[in-house]
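S.K.: Need coordinates for the below:
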Amino acid sequence: MLKNITKNKLISKEIVFKKGFGKIFGLIGRKEPEVIILNTRFGIHTFFLKFPIDVLILDKKNRVKGLKKGLKPRRIMFWNFRYNIVVELPQGLIKKSETKLGDLLEFDL
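M.R.: Residues are numbered from 1 along each chain as shown. This next block holds a predicted model:
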């Protein structure tokens, strides 16, 4: 479960935590997006994706420090290397959940 505590809104009932080799591929090869949480400081790319995604960057306290709505396929996204929690979402979930910079999120893995 992924919830925006600040707005008291459920973002997703189901999430997947990717680590190791799994985080390299993330959503690559999927026909439809799902909510993925991974730890990385090197940025992400959307090469080989067939759909745009929303992206949230969180700090150690799960506060939103960066976001991107509708990151299109064949793009690269970088952020401040101090933040290493990345949430990849189906396009439109940032808007639907009204998530903004500074919001506090909670997730169960």
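S.K.: Only C-alpha atoms from now on, for both contacts and neighbour counts.
M.R.: Fine.
S.K.: Any stretches of the protein with poor pLDDT?
M.R.: 20-30, 109 (pLDDT under 70).
S.K.: And the strands in it?
M.R.: 2-4, 9-12, 16-18, 36-39, 44-45, 53-58, 64-71, 76-77, 85-90, 105-107 (DSSP state E).
S.K.: which stretch among these comes nearest T99?
M.R.: For those, the distance to T99 is smallest for strand 2-4, at 7.0 Å, taking CA to CA.
S.K.: can you redo the strands of the chain as a markdown table with mean neighbour count and distance to E98?
M.R.: Formatted as a markdown table, those follow (neighbours: other CA atoms under 10 Å; distance: least, CA to CA, whole Å):
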| stretch | mean neighbour count | distance to E98 |
| --- | --- | --- |
| strand 2-4 | 20 | 9 |
| strand 9-12 | 18 | 8 |
| strand 16-18 | 16 | 21 |
| strand 36-39 | 20 | 19 |
| strand 44-45 | 18 | 23 |
| strand 53-58 | 23 | 12 |
| strand 64-71 | 18 | 12 |
| strand 76-77 | 12 | 21 |
| strand 85-90 | 22 | 13 |
| strand 105-107 | 17 | 12 |
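S.K.: Distance to S97 added to these, as TSV?
M.R.: Shown next, in TSV, are the strands of the chain (distance: least, CA to CA, whole Å):
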stretch	distance to S97
strand 2-4	7
strand 9-12	6
strand 16-18	19
strand 36-39	16
strand 44-45	22
strand 53-58	12
strand 64-71	12
strand 76-77	22
strand 85-90	11
strand 105-107	11
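S.K.: Spatially central residue for this protein, please.
M.R.: V87 (1.9 Å; CA atoms, centre = their mean).
S.K.: Ignoring the adjacent residues along the chain, who's closest to it?
M.R.: I37 (4.5 Å; CA to CA, 6 or more residues apart in numbering).
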